[in-house]
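Student: Following is a predicted model, sequence given first.
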Amino acid sequence: MRRIVSGLALSAACLAGCYNDRFVGMHVPAAPANLYYLLDPSGDPTTPSGILLRWDAVNDVGLESYRVYSRPNSVTAYGLRGSTTSTTFHDDGVPALDYYVTAVSSDGGESDGSNVIEVDERLALQRPTWITSISLNGAVHLQWSDTAYALAPSAFLHYRLYSTGYDIDSSLCGVHWVLEGTTVSSSFLVSNLTNGVSRCYAVSAISIEGYESLWSPLRNDTPRPDAYNILLKTLDVDPTTAGFRFWLDANTDHLVSPGELGVVMNGTNAAADFQVVRNAGVVSIQPVRTGTTLAAYGSLPVDALTSIDYAPLTGYTTAARAVQPGLGFVFQMSGLSSTDNFYRYGALRVAAVGPDYVIVDWAFQTDPGNPELVRVRK
């Protein structure tokens, strides 16, 4: 992780006015070697929050301390930045342009300067060019282009993932970003999230010197509840397990367990979002509740429930749809009261189909009007 930018030990010492002949009769230690640095990323690629300098120890019984010199630009003389007895030095704030270090003996003799390091923002990596997400139950899975590593593997250190709130009404990310974590992978699982609460995400790439790239494009996502392998019988075989309701509203539904998600119920109940029926041996799902409509999620099977990430804007119907293993469906459901005028969205993936039953996986977006698309008013 070292980057030795220059070996100009003598010229560095001269810039500070530290010639060895100033210390006639004094003990002069050897110059420190292999000075390198690490920046402290701040989230703003143009403004690191600090710099950490490191160098090899000088093995000298007369050594008392090290002095750190810096200059803000290439035409200004070096000045003393600080001293330390350690082989590291942390400089808070925006770093200077150039740094070097000297060793000082107990009687005041000062060595030549170490190699000079130049803080060069041109060493920053390329930013991730895209970012995608998958909505999960209480979590979000994010993935982005691995461009930074692919283009410069020897210069790559890790990625930093940031997040902030997201306002779905204005389609705007918040202004108070926090660091979710770092990873050497091009993916990250953000967990312990609240279902129905949207957040905005961005990723940057960090070089081995600590330079931070520009951020990736922004990505918003909203976690939602889900469940797997729910068995539903056809209406003619067992009506008590032929119906399904994505969400029972605690304020308006006077049913068992109000507020419960993913409720298997009697298929003849008008409160069911859909029922499973069988006509001429074909098992189908039929919307039931007033205001509930159904749309196929494409014409081909989907790999998993998480593949159903965005609800379609059109194509909803109250007609029954035949089910086959792997097919995905999206339900658009009206608000649950006269004052609730936003649609809800639920996803359904068919895991298996028998002669008189179906096994499904489901997900439901608890944030009204948000199926990972713009709000749709009735």
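Tutor: Nice, I can see it.
Student: For the residue nearest to the spatial centre of the chain, which three-state class applies?
Tutor: Nearest to the mean C-alpha position of the chain, counting by Cα atoms, centre = their mean, stands L161 at 4.3 Å. Three-state call for L161 (DSSP: H, G, I helix; E, B strand; the rest coil): strand.
Student: Give me the domain ranges for this protein.
Tutor: 9-119, 131-221, 226-365 (automatic domain parsing).
Student: L125: which of those domains is closest?
Tutor: domain 131-221 (4.1 Å; Cβ to Cβ). From N, CA and C alone the C-beta is placed, and that goes for glycine too.
Student: Put together JSON lines for the domains of the chain, with mean pLDDT and distance to L125 on each row.
Tutor: As requested, the domains of the chain are exported to JSON lines (pLDDT from 0 to 100; distance: least, Cβ to Cβ, whole Å):
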{"stretch": "domain 9-119", "mean pLDDT": "86", "distance to L125": "10"}
{"stretch": "domain 131-221", "mean pLDDT": "93", "distance to L125": "4"}
{"stretch": "domain 226-365", "mean pLDDT": "88", "distance to L125": "29"}
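Student: From G109, how far out is the nearest residue in space to the residue nearest to the centre of the chain that is not next to it in sequence?
Tutor: Closest residue in space to L161, ignoring its immediate chain neighbours: E180 at 4.4 Å, by Cβ to Cβ, 6 or more residues apart in numbering. The gap separating E180 from G109 is 50 Å, by Cβ to Cβ, to the nearest Å.
Student: same question, L261
Tutor: Per Cβ to Cβ, L261 is found 75 Å from G109.
Student: how long is stretch 123-138 end to end?
Tutor: 38 Å (Cα to Cα, to the nearest Å).
Student: just how off-centre is that stretch within its chain?
Tutor: Distance of stretch 123-138 from its chain centroid, counting by Cα atoms, centre = their mean, to the nearest Å, is 6 Å.
Student: Check which residues of that stretch are buried.
Tutor: L123, A124, L125, R127, P128, I131, S133, I134, S135, L136, N137 (16 or more other Cβ atoms under 10 Å).
Student: Looking at those, which is nearest Y343?
Tutor: Proximity of the buried residues of stretch 123-138 to Y343 (Cβ to Cβ) peaks at S135, which lies at 16.6 Å.
Student: thought that closest one was touching Y310?
Tutor: No - the criterion here is Cβ atoms under 8 Å, and S135 misses it with Y310 at 9.1 Å.
Student: Could I have the CA atoms of stretch 342-351 written out in CSV?
Tutor: The C-alpha trace of stretch 342-351 is given here as CSV (Å, rounded to 0.1, in the frame of the first residue of the first chain):
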residue,chain,number,x,y,z
PHE,A,342,-53.1,5.5,-3.1
TYR,A,343,-52.7,2.0,-4.7
ARG,A,344,-50.9,-0.8,-2.9
TYR,A,345,-48.9,-3.3,-4.8
GLY,A,346,-48.2,-7.0,-4.2
ALA,A,347,-46.1,-9.5,-6.1
LEU,A,348,-46.7,-13.2,-6.5
ARG,A,349,-44.5,-15.9,-7.9
VAL,A,350,-45.8,-19.4,-8.6
ALA,A,351,-43.4,-21.9,-7.0
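Student: And that stretch, how far out from the chain middle?
Tutor: Stretch 342-351 has its C-alpha centroid displaced from the chain centroid by 25 Å (Cα atoms, centre = their mean).
Student: Could you pull up phi and psi at G326?
Tutor: In terms of degrees, to the nearest 10, the main-chain angles of G326 are phi 90, psi -20.
Student: close enough to count as contact, it and A304?
Tutor: No - if you go by Cβ under 8 Å, G326 and A304 don't touch, sitting 9.5 Å apart.
Student: tell me, what's touching these two both at once?
Tutor: Contact criterion Cβ atoms under 8 Å, 6 or more residues apart in numbering; residues shared by G326 and A304: R349.
Student: Neighbour count for these two, which is higher?
Tutor: Per other Cβ atoms under 10 Å, whichever of G326 and A304 has more neighbours is G326, with 16 against 13.
Student: Now name the helix or strand holding the closest residue to that one other than its chain neighbours.
Tutor: Counting by Cβ to Cβ, 6+ apart, G326 lies nearest to P301, which is 2.7 Å off, once chain neighbours are set aside. Using DSSP states H and E, P301 maps to neither a helix nor a strand.
Student: okay, now P301: neighbour count?
Tutor: Residues near P301, counting by other Cβ under 10 Å, number 14.
Student: Please list all residues in contact with it.
Tutor: Residues near P301 by Cβ under 8 Å, 6+ apart: Q324, P325, G326, L327, G328.
Student: Across the sheet, point out what pairs with the last one.
Tutor: I take that to be G328. With DSSP bridges as the criterion, G328 is bridged to R349.
Student: quick one: it and A296 touch, right?
Tutor: Yes - under the criterion of Cβ under 8 Å, G328 makes contact with A296 at 7.4 Å.
Student: what about those two, which has more around it?
Tutor: A direct count of neighbours by other Cβ under 10 Å for G328 and A296 places G328 higher, at 21 against 16.
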